[in-house]
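Colleague: only geometry, no sequence info:
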């Protein structure tokens with residue numbers, strides 16, 4: 001399901017963003033997006049993380065997630081259920 005969503009929605013948006021950034025950044029640079037208080041994203045954090053894993057390796061875009069009020073265990077995938085729940089939620093988007 002995540003592969004389908006990425007292919008039909010996120011892949012083109014990522015490509016367009018990288019094309020835009022290439023007009024304002026030197027060619028050999030990368031883009032880094034910071035998400036402060038990432039725990040506030042709740043289930044969308046897990047959905048986004050799954051989609052980012054499908055991003056092509058040559059995409060020069062990195063992501064940094066920060067959270068000052070959350071525990072480190074929140075950001076660790078301990079059970080497969082943590083991934084499947086957000087993907088089920090994604091089906092209703």
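Modeller: That came in fine, so what should we check first? Remember, it's a predicted structure, so these values are computed and weren't measured experimentally.
Colleague: how about the helices in the chain?
Modeller: Assigned by DSSP state H, the helices in the chain fall at 2-5, 11-24, 43-53, 80-90.
Colleague: contacting residues around residue 60?
Modeller: Residue 60 makes contact with 18, 29-31, according to Cβ atoms under 8 Å, 6 or more residues apart in numbering. Glycine gets a C-beta too; all of them are placed from N, C-alpha and C.
Colleague: can we see that at 10 Å?
Modeller: Taking Cβ atoms under 10 Å, 6 or more residues apart in numbering, we find residue 60 in contact with 18, 21-22, 25, 27-32.
Colleague: What is the nearest of these to residue 11?
Modeller: Nearest to residue 11 among the contacts of residue 60: residue 18, at 10.8 Å, using Cβ to Cβ.
Colleague: There's contact between the closest one and residue 24 in this structure, I believe.
Modeller: No. The criterion here is Cβ atoms under 10 Å, and residue 18 misses it with residue 24 at 11.4 Å.
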